[in-house]
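Visitor: model this:
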Amino acid sequence: MKFGGTSVANIERIRNVARHVKREVDAGHEVAVVVSAMSGKTNELVAWCTEASPMHDAREYDAVVASGEQVTSGLLAIVLQSMGIQARSWQGWQIPIKTSDAHASARIEDIDGSEIIKRFQERKEVAVIAGFQGINAETGRITTLGRGGSDTSAVAVAAAVKADRCDIYTDVDGVYTTDPRIVPKAKRLGKIAFEDMLELASQGAKVLQVRSVELGMVHNMPIFVRSSFDKPEDIDPHANQPPGTLICGEEEIMENHVVTGIAFSKDEAQISVRQIEDKPGVAASIFGPLAEANINVDMIVQNVSEDGKTTDLTFTVPAADYTRAKDTITAAKARIGYARLDTATDVAKISVIGSGMRSHAGVAAQAFSALAGRNINIRAITTSEIKFSVLIDTAYTELAVRTLHTLYGLDQA
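Guide: Numbers count the residues shown, from 1 in each chain. Purely as a prediction, here's the structure:
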């Protein structure tokens, strides 16, 4: 069971979480719980680090920000004990959760779940684990997994203790066909395949961290997204499925819709490098420096320039990296040899996702004509086996999402 920041925001919410845990314990389940820091705490700790020194040591940053989860895990263990449930808190290093040494964005390398399993069997003890953190075995220092890392911790711990399922409790009651705040007709999905969820998460749906879905897919660990705001007493733990969305292997989904969901991201920027010589190595001269600067490039479109002799290359980067990306390309101008740089930050990416697309032709073509019918201009397109994305002006985001949601029958899904 994993609980995010809003679910453990204060002692009252932590008591609510404890009642959810108690329900599962009373039903005879062996339970490991992963908790995030109380909502707002991590931001406060990060701000303190920056205030102490804008150029701070990443190792010390991790020592500071990992303390948020330490507090929550201890508090939840105290509340569970007061309810008569055997429980103890675990920090990442005590299990241990071994990670790489990339401080502030470490990757999990190994988890030893044997001690937790032993305590399940001997003492029926609930393990309350601090999410988002681990230890680098070589340096012996605390590491953190990057924002949203508690989801990743939870799925990794579930795999390590060979759990039947990993329940992620959050402030929404599942995964929807798109953001319900934009499309009131958006429907909750009962089940979704790992692959579709991976695309939804990486294209802007904020329900789960991408790496947690990747881990679930690798270990074939079913992930169940559900709401912590449901009353613990109202849920029957023996019922097969309380309200929520099960993320599982494609083989468990009986009926595949062509389109599963629509994601969007307004945090995009577009950069067009105009009139470059059309010769081998020119793309490398643009994307090499961006890779060295650790900037992720998403959509890439190449076409012939107006003069017919040279080529234009257009690509998108996250809005947060826009200035760095622009400076990187400008600095490499002599090496690339381009005429001018055109940029835009008022763009949004709309992605249509569904593993059913593999066996259906013309899914993207329908979208293009529907958007044209609404006078929405498409700046760039990328496609893959189970998704396609279009880049449009930000002003049309809501209209585009609603149009496509209706087009693919998701209003009635």
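Visitor: now do the SS call for the closest residue in space to Arg141 that isn't next to it in sequence.
Guide: Excluding the flanking residues, the one nearest Arg141 by CB to CB, 6 or more residues apart in numbering is Arg59, at 5.5 Å. Where you see a C-beta, it was placed from the backbone N, CA and C, and this is true even at glycine. State at Arg59, reduced to three classes by DSSP: H, G, I helix; E, B strand; the rest coil: helix.
Visitor: Arg59 contacts Ala102, correct?
Guide: No. Applying CB atoms under 8 Å as the test, Arg59 and Ala102 come out as separate, 10.9 Å apart.
Visitor: is Ile142 bridged to anything, and to what?
Guide: Note on Ile142: beta-bridge partners by DSSP bridges are Ile135.
Visitor: contacts only, for it.
Guide: Ile142 makes contacts with Asp62, Ala63, Ala66, Gly92, Trp93, Gln133, Gly134, Ile135, as judged by CB atoms under 8 Å, 6 or more residues apart in numbering.
Visitor: tell me the average confidence for stretch 361-371?
Guide: What stretch 361-371 shows for mean pLDDT is 94.
Visitor: that older thread, what number of residues lie near the residue nearest to Arg141?
Guide: Residues contacting Arg59 under the criterion other CB atoms under 10 Å number 15.
Visitor: and it, how far from Gln94?
Guide: Applying CB to CB, to the nearest Å, the value for Arg59 to Gln94 is 19 Å.
Visitor: any weak-confidence spans in the chain?
Guide: 240-241, 413 (pLDDT under 70).
Visitor: for it, which strand is longest?
Guide: Counting by DSSP state E, the longest strand found in the chain is strand 261-276.
Visitor: which parts of this protein are helices?
Guide: 11-26, 41-52, 58-65, 67-82, 114-123, 149-160, 194-202, 210-219, 282-292, 322-331, 333-336, 363-373, 397-407 (DSSP state H).
Visitor: packing partners of the shortest one?
Guide: Other helices and strands packing on helix 333-336, by 3 or more CB pairs under 8 Å, 6 or more residues apart in numbering; DSSP states H and E, are helix 282-292.
Visitor: quick check: angle from the helix it packs on to strand 261-276?
Guide: 120 degrees (axes from the mean of the first three to the mean of the last three CA atoms, to 10 degrees).
Visitor: show residues contacting helix 282-292.
Guide: 273, 276, 297, 302, 311, 313, 315, 317, 325, 328-329, 331-332, 335-336.
Visitor: let's see 10 Å
Guide: With contacts defined as CB atoms under 10 Å, 6 or more residues apart in numbering, helix 282-292 is touched by 271, 273, 276, 281, 295-297, 300, 302, 310-311, 313, 315, 317, 321, 324-325, 328-329, 331-332, 335-338.
Visitor: swap in stretch 300-307?
Guide: Applying CB under 10 Å, 6+ apart, the contact partners of stretch 300-307 are 270, 272-276, 278, 282-283, 286-287, 310-316, 338-339, 379-382, 391.
Visitor: and that stretch, which residues are buried?
Guide: Counting neighbours by 16 or more other CB atoms under 10 Å, one finds that the buried residues in stretch 300-307 are Val301, Ser305.
Visitor: check stretch 110-120 too.
Guide: Ile111, Gly113, Ile116, Ile117, Arg119, Phe120.
Visitor: domain assignment for this protein?
Guide: Following the assignment in the TED database, the chain carries domains at 2-252, 261-408.
Visitor: picking that back up, PyMOL command for the buried members of the contacts of helix 282-292?
Guide: Selection of buried members from those for PyMOL, criterion 16+ other CB under 10 Å:
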select buried, resi 271+273+276+295+297+310+311+313+315+317+321+325+328+329+332+336+338
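Visitor: could I get the helices of the chain as CSV with distance to Ile353?
Guide: Shown next, in CSV, are those (distance: least, CB to CB, whole Å):
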stretch, distance to Ile353
helix 11-26, 30
helix 41-52, 29
helix 58-65, 32
helix 67-82, 31
helix 114-123, 35
helix 149-160, 19
helix 194-202, 4
helix 210-219, 13
helix 282-292, 25
helix 322-331, 25
helix 333-336, 34
helix 363-373, 11
helix 397-407, 11
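Visitor: need the winner for burial among those.
Guide: Of all the helices of the chain, helix 149-160 carries the top mean neighbour count, a mean of 27, counting by mean count of other CB atoms under 10 Å.
Visitor: tabulate the CA atom coordinates of that helix in PDB.
Guide: Taking Å, rounded to 0.1, in the frame of the first residue of the first chain, the C-alpha atoms of helix 149-160 are listed here in PDB:
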ATOM      1  CA  GLY A 149       9.900   8.700  -6.300                       C
ATOM      2  CA  SER A 150       7.700   7.200  -3.700                       C
ATOM      3  CA  ASP A 151       5.600   5.500  -6.400                       C
ATOM      4  CA  THR A 152       8.800   3.900  -7.700                       C
ATOM      5  CA  SER A 153       9.800   2.800  -4.200                       C
ATOM      6  CA  ALA A 154       6.400   1.200  -3.700                       C
ATOM      7  CA  VAL A 155       6.400  -0.900  -6.900                       C
ATOM      8  CA  ALA A 156      10.100  -1.900  -6.200                       C
ATOM      9  CA  VAL A 157       9.300  -2.900  -2.600                       C
ATOM     10  CA  ALA A 158       6.200  -4.800  -3.900                       C
ATOM     11  CA  ALA A 159       8.400  -6.800  -6.300                       C
ATOM     12  CA  ALA A 160      11.000  -7.400  -3.500                       C
END
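Visitor: tilt between it and helix 41-52?
Guide: Using the same axes, to 10 degrees: helix 149-160 against helix 41-52 is 120 degrees.
Visitor: how far does helix 149-160 sit from the chain's center?
Guide: For helix 149-160, the separation from the chain centroid amounts to 13 Å (computed by CA atoms, centre = their mean, to the nearest Å).
Visitor: closest to Gly354 out of the helices of the chain?
Guide: helix 194-202 (6.4 Å; CB to CB).
Visitor: can I get that closest one in PDB, CA atoms only?
Guide: What follows is helix 194-202, C-alpha atoms only, in PDB (Å, rounded to 0.1, in the frame of the first residue of the first chain):
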ATOM      1  CA  PHE A 194       1.200  -1.300 -18.600                       C
ATOM      2  CA  GLU A 195       2.200  -0.100 -22.100                       C
ATOM      3  CA  ASP A 196      -0.800   2.300 -22.400                       C
ATOM      4  CA  MET A 197      -0.200   3.600 -18.900                       C
ATOM      5  CA  LEU A 198       3.500   4.200 -19.600                       C
ATOM      6  CA  GLU A 199       2.600   6.400 -22.600                       C
ATOM      7  CA  LEU A 200      -0.100   8.200 -20.600                       C
ATOM      8  CA  ALA A 201       2.300   8.900 -17.800                       C
ATOM      9  CA  SER A 202       5.200  10.000 -20.000                       C
END
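Visitor: no further queries at this time; thank you.
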